[in-house]
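this one's sequence-less:
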């Protein structure tokens, strides 16, 4: 427990961001809670217990303003560092959050970053996530090309940046393409939007 507290103190508050130039891998997580109060408690708990871990760049928590749903994302320098966290570290903070908020419906994707589409250098206010199923590498490449073209060509007034990643199963097979869109204003979409709740990063 002492080591866990020391690791937690080695984290500092920072701004929410779902992109970093040094990041090559992510953990994308979606949590659904029974109530808005439970969602707030789970968000606070996740930020408080996230430990300092080799390779971690930033851990961000975003919350839907309309549903008791969270989007949590950690950015990593390498997939190896991320996988070490998943297999050897994550159960400890996960159990700590469960002790505070037991009724969390979780979904998660281990994602490799493959493309970034940037439009303007401004602060995002809302985030959207899109999960597109894929069955093989060819399907992944097709989806990435389609989404990249859509994000570059369509009327995207208000779109700040979009980051595309490939989610894989435990055997390394591609199962989905995940698009994280950052918006500076209204999204004008029926896709669930998230707003920043908080973020932490390792102290330097």
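It's in. Here the structure is a predicted model, which means the values were calculated and not measured.

how about low-confidence regions in the protein?
1-9, 154-156, 187-188 (pLDDT under 70).

quick one: the helices in it?
With DSSP state H as the criterion, the chain has helices at 2-9, 36-49, 79-88, 91-100, 137-153.

so which of these is the most surrounded?
Most buried of those, by mean neighbour count (mean count of other C-beta atoms under 10 Å): helix 36-49, with a mean of 18. Using the backbone N, CA and C atoms, a C-beta is placed for each residue, glycine as well.

contacts for that one?
Applying C-beta atoms under 8 Å, 6 or more residues apart in numbering, the contact partners of helix 36-49 are 4, 8, 31, 33, 59, 61, 63-64, 68-70, 72, 92-93, 96-97, 100-101, 103-104, 197-200.

can you turn the buried part of the residues you listed into a ChimeraX selection?
Those of the contacts of helix 36-49 that count as buried under 16 or more other C-beta atoms under 10 Å are selected in ChimeraX with:
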select :8,31,33,59,61,63,64,68,69,70,72,93,96,97,101,104,197,198,199,200
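
so which of the contacts of helix 36-49 belong to strands?
Using DSSP state E, the subset of the contacts of helix 36-49 located in strands is 31, 59, 61, 63, 69, 70, 72, 197, 198, 199, 200.

can you pull up the bridge partners for the residue nearest the centre of the chain?
Residue closest to the average C-alpha location in the chain (C-alpha atoms, centre = their mean): residue 73, at 2.2 Å. Counting by DSSP bridges, residue 73 forms beta bridges with residue 28, residue 60.

which ones are touching it?
Taking C-beta under 8 Å, 6+ apart, we find residue 73 in contact with 18, 26, 27, 28, 29, 59, 60, 62, 180.

ok, the third one touching residue 82?
What that stands for is residue 27. Yes - the pair residue 27 / residue 82 is scored as a contact, 6.2 Å apart, by C-beta atoms under 8 Å.

before we move on, back to that, closest one to residue 175 among the helices of the chain?
Smallest distance to residue 175 across the helices of the chain (C-beta to C-beta): 9.2 Å, for helix 137-153.

mind giving me the packing neighbours of the closest one?
Helices and strands touching helix 137-153, by 3 or more C-beta pairs under 8 Å, 6 or more residues apart in numbering; DSSP states H and E, are strand 105-118, strand 126-133, strand 159-168, strand 174-183.

what about these, which gets the closest to residue 152?
Closest among those, using C-beta to C-beta: strand 105-118, at 5.7 Å.

what about residue 186, how many neighbours?
When neighbours are counted by other C-beta atoms under 10 Å, residue 186 registers 11.

quick check: it touching residue 158?
Yes - under the criterion of C-beta under 8 Å, residue 186 makes contact with residue 158 at 6.8 Å.

out of the helices and strands packed on helix 137-153, nearest to residue 88?
strand 105-118 (14.4 Å).

buried ones in that closest one?
By neighbour count on 16+ other C-beta under 10 Å, the buried set for strand 105-118 is 109, 110, 111, 112, 113, 114, 115, 116, 117.

now do the contacts for the third one.
Listed by C-beta under 8 Å, 6+ apart, the contact set of residue 111 reads 25, 26, 27, 28, 165, 166, 167, 168, 178.
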